[in-house]
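Undergrad: Fold the following for me, if possible:
(chains A and B)
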Protein chains: 2
Amino acid sequence: MPEASLTVAGLSESELLERIFPRLNRGSAGGTAVLLGPGDDAAIVAAPDGRTVLSIDTLVADQDFRLRWNNGYRTSGYDVGWKAAAQNLSDINAMGARPTSLVVSLTMPPETLVSWVEDFADGLTAGLRGLGAPDCAVAGGDLGRGRELAVSVAILGTLDGKEPVLRSGARPGDTLALAGTVGRAAAGLALLESATDFRALGSGARALMDTQCRPAPPLAAGPLARDAGATAMMDISDGLVRDGNRLAAASHAVLNLDTAALKELCVPLLPASDLLGTDPMAWVLGGGEDHGLLATFPAGLQLPPGFTAIGSVTAPAATDSTGVTIAGRPADTVGWDHFAD
Amino acid sequence: MPEASLTVAGLSESELLERIFPRLNRGSAGGTAVLLGPGDDAAIVAAPDGRTVLSIDTLVADQDFRLRWNNGYRTSGYDVGWKAAAQNLSDINAMGARPTSLVVSLTMPPETLVSWVEDFADGLTAGLRGLGAPDCAVAGGDLGRGRELAVSVAILGTLDGKEPVLRSGARPGDTLALAGTVGRAAAGLALLESATDFRALGSGARALMDTQCRPAPPLAAGPLARDAGATAMMDISDGLVRDGNRLAAASHAVLNLDTAALKELCVPLLPASDLLGTDPMAWVLGGGEDHGLLATFPAGLQLPPGFTAIGSVTAPAATDSTGVTIAGRPADTVGWDHFAD
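TA: The predicted model follows:
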């Protein structure tokens, strides 16, 4: 069988692993926390301050991405590997922690091309290195068969002896700030689902599409925010309003977004909104997959590099009236919910 | 909509989480290692000796289990929850470690009944408690939608300051020993796939079927073997011969199985082999999902409770002739391989 058409059904599990292992990120010799890597029943990872930060996330084909989009773009293994890295790194970042290692479970239909899987491993490695976590090594994993392609990643991080930044610490008077972007991945999704052939897109629109396929969360921002004294923080994965509502509820507070700041966030989305004739504000308020960081800081504090003020924290009028407001008026919940759309 | 027919599509993610959370195992107040549980971007788990043991495994419907079997049995959410617990606990056990926490990612078709998900949470909790890991708390997770039901669990464990038992330490002269069972889950699988209605099975056959649906790995055996001086150890998840070959390769050794011991292992399988007219030895050599523990101990050492000698370790005739033999003759590789069947 020619190499280009070789599928995972044509290899044993050990043959497939032999092709994947050399492509996985191992971290630098002295930098990685992985004490025992792939090949035994479990991995062993250093947790130097006696704690480990832990999260899990899954990407499923035709749910979290399409293998072939309406605009003709085909999601590569590289895209999925990169996106899995980005999504998981962002969860560790949002605690103010530093990623140390991850394990991957890959479920594949038998017709999956081996080259796609190799490309996936390359994308995962490129994501870890390109996003600023070169020492976050792949410590192990699991390969299995299924009717639909799915990737689960569990990631570990270290707080380096410091305190985590939780969702619950925002206080009235705090400045509300954003690191990274919002709405770009949602605008990119709209382009991918549109009828406009992706090869015809200008560079601005193409960059938005790329954010959906290979998001670039601000990985250094989490620990910087922690060190600067952030009172609360979270990853925006389901949208500014929906996730803001969660932070507001955990902190028993109201997050008031500033209209001028929101309008500013619309500007980079114009290449898509002009093309599709849609309102970019819906993407800013509801789009999550950029994996930007939402954080609150004591008033008057100089924001750490990468953060921009987008509003402020106020006290709720009643205990059950926490949430996000825009210029003082309740924002609609327009973010993505996996079940009730 | 009546409660019994309520599906996950009828609830928001937060409504579904509200139903699951109270059912999840939290560990005892002083016993759990979970410092920060579900509700933030990531969990925080204590790693008192500065290391954490980490593994990930996925169960996929129609691959690792059928929602409805040929013999009429329907896999319950409870079964899948229990099996996910068992499979993952066993990986930690096989390192000689103690499970401390886990995170779960559940991917569900929209038509999944809410009652099935509640039952899954109950089975996961019952598995953790029933198998001897009551303080292994669920630290977090992720819910998502997909066309097929899948569960990924990542689990953490602690070595309590001791050394792990790897696959690579078996030495010529060592005794080869087994804790737990082999072949029972495979015999149960054959019953599930047979035409004999499960309600007509006798108690012996029904117990084998139950081992496939709710395996009971010997969770205390791993740390006991470590403390007793086991030289190598692994979880039998893909079959005695296939996994034995892996341990043999990692240790550059030959594992010679004793025929009398193998015949003894066939006895509990007779209720299924008599019914189906098959050879129970194939299940003993190839069946993996009991999650028994295969370990090697220095010769003459009294085996720890739960272990039975099933053979011995010898030196390979050449560097590439490692593997499993039966009474000195190479064993066929009859275990399960996910890709090349």
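Undergrad: what about the helices in chain A?
TA: A:13-20, A:77-93, A:114-130, A:184-192, A:203-213, A:221-228, A:240-251, A:259-266, A:270-276, A:280-286 (DSSP state H).
Undergrad: Might one say that residue A:151 is in contact with residue A:106?
TA: Yes: A contact is recorded between residue A:151 and residue A:106 when judged using CB atoms under 8 Å, the distance being 5.6 Å. Backbone N, C-alpha and C define where each C-beta goes, glycine included.
Undergrad: hey, what's in contact with both of the two?
TA: Both residue A:151 and residue A:106 are contacted by residue A:120, under the criterion CB atoms under 8 Å, 6 or more residues apart in numbering or on different chains.
Undergrad: domain ranges for chain A?
TA: According to the domain assignment given by automatic domain parsing, chain A is divided into the following structural domains: A:7-158, A:167-330.
Undergrad: so which of those is the most packed in?
TA: Each of the domains of chain A was assessed for mean neighbour count using mean count of other CB atoms under 10 Å in any protein chain shown. The highest is domain A:7-158, with a mean of 22.
Undergrad: just for chain A, where's the confidence low?
TA: Flagging of chain A using pLDDT under 70 yields the residue ranges A:1, A:332-341.
Undergrad: where along the stretch 51-200 of chain A do the strands fall?
TA: A:51-60, A:98-108, A:137-145, A:150-158, A:175-179 (DSSP state E, counting those that start in this stretch).
Undergrad: Distance to chain B added to those strands, as a markdown table?
TA: Converted to a markdown table, the strands of the stretch 51-200 of chain A look like this (distance: least, CB to the nearest CB, whole Å):
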| stretch | distance to chain B |
| --- | --- |
| strand A:51-60 | 4 |
| strand A:98-108 | 4 |
| strand A:137-145 | 5 |
| strand A:150-158 | 3 |
| strand A:175-179 | 14 |
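Undergrad: could I get those as TSV with distance to residue A:222?
TA: Formatted as TSV, the strands of the stretch 51-200 of chain A follow (distance: least, CB to CB, whole Å):
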stretch	distance to residue A:222
strand A:51-60	11
strand A:98-108	8
strand A:137-145	19
strand A:150-158	9
strand A:175-179	8
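Undergrad: Grab the nearest non-local neighbour of residue A:45.
TA: residue A:101 (4.8 Å; CB to CB, 6 or more residues apart in numbering or on different chains).
Undergrad: ok, that neighbour touching residue A:133?
TA: No: with contacts defined as CB under 8 Å, residue A:101 does not count as touching residue A:133, sitting 9.9 Å away.
Undergrad: do you know how far residue A:240 is from residue A:94?
TA: As judged by CB to CB, to the nearest Å, residue A:240 and residue A:94 stand 14 Å apart.
Undergrad: do the same with residue A:220
TA: Plainly put, residue A:220 is 13 Å away from residue A:94 if you go by CB to CB.
Undergrad: Spell out which parts of the stretch 101-250 of chain A neighbour chain B.
TA: For the stretch 101-250 of chain A, the residues in contact with chain B (CB under 8 Å from any CB of the partner chain) are A:101, A:103-105, A:107, A:110, A:139-148, A:150, A:152, A:154-157, A:159, A:164, A:166-167, A:234-235, A:250.
Undergrad: mind redoing it with 6 Å?
TA: A:103, A:105, A:107, A:142, A:144-148, A:152, A:154, A:166-167, A:234-235 (CB under 6 Å from any CB of the partner chain).
Undergrad: can you pull the contacts of residue A:147?
TA: For residue A:147, the set of contacting residues under the criterion of CB atoms under 6 Å, 6 or more residues apart in numbering or on different chains consists of A:109, B:148.
Undergrad: Let's test this: what are the backbone torsions at it?
TA: Comment: the main-chain dihedrals of residue A:147 come out as phi -80, psi -30, following degrees, to the nearest 10.
Undergrad: How about the spatially closest residue to residue A:88 that is not a sequence neighbour: which residues does it bridge to?
TA: Closest residue in space to residue A:88, ignoring its immediate chain neighbours: residue A:155 at 4.1 Å, by CB to CB, 6+ apart. Taking DSSP bridges, one finds residue A:55, residue A:102 as the beta-bridge partners of residue A:155.
Undergrad: just checking, residue A:155 touches residue A:102?
TA: Yes: using CB atoms under 6 Å as the test, residue A:155 is close enough to residue A:102 to be in contact (4.3 Å).
Undergrad: If we ignore the residues flanking it in sequence, what's nearest the spatially most central residue of chain A?
TA: For chain A, the residue lying nearest the average C-alpha position, counting by CA atoms, centre = their mean, turns out to be residue A:87 (2.9 Å). For residue A:87, ignoring the flanking residues on the chain, the nearest one in space by CB to CB, 6+ apart is residue A:57 at 5.1 Å.
Undergrad: surely the one you found meets residue B:142?
TA: Yes: shown here, residue A:57 and residue B:142 form a contact pair, counting by CB under 6 Å, at 5.4 Å.
Undergrad: Spit out the contact partners of residue A:224.
TA: With contacts taken as CB under 6 Å, 6+ apart, residue A:224 has the following neighbours: residue A:304.
Undergrad: ignore the last one, residue A:250
TA: A:167, A:168.
Undergrad: Apply 10 Å and report the result again.
TA: A:166, A:167, A:168, A:169, A:170, A:232, A:234, A:322, B:39, B:40 (CB atoms under 10 Å, 6 or more residues apart in numbering or on different chains).
Undergrad: Can you tell me the closest non-neighbouring residue to residue A:222?
TA: Counting by CB to CB, 6+ apart, residue A:222 lies nearest to residue A:93, which is 3.5 Å off, once chain neighbours are set aside.
Undergrad: contacting residues for the one you found?
TA: For residue A:93, the contacting residues are A:99, A:131-133, A:157, A:179-180, A:217-226, A:233, A:235, A:291, A:293, B:41-42, taking CB under 10 Å, 6+ apart as the criterion.
Undergrad: thought residue A:325 was touching residue A:255?
TA: Yes: proximity of residue A:325 to residue A:255 meets the contact threshold set by CB atoms under 10 Å, at 7.3 Å.
Undergrad: Give me the common contacts of these two.
TA: Shared between the contact lists of residue A:325 and residue A:255 (criterion: CB under 10 Å, 6+ apart) are residues A:241, A:244, A:248, A:311, A:314, A:331.
Undergrad: Pull the most distant pair out of the residues you listed.
TA: Largest separation among the shared contacts of residue A:325 and residue A:255 by CB to CB: A:241 and A:314, giving 16.0 Å.
Undergrad: just to revisit the earlier point, of all the domains of chain A, which one comes closest to residue B:198?
TA: Once these are compared by CB to CB, domain A:7-158 is nearest, at 25.2 Å.
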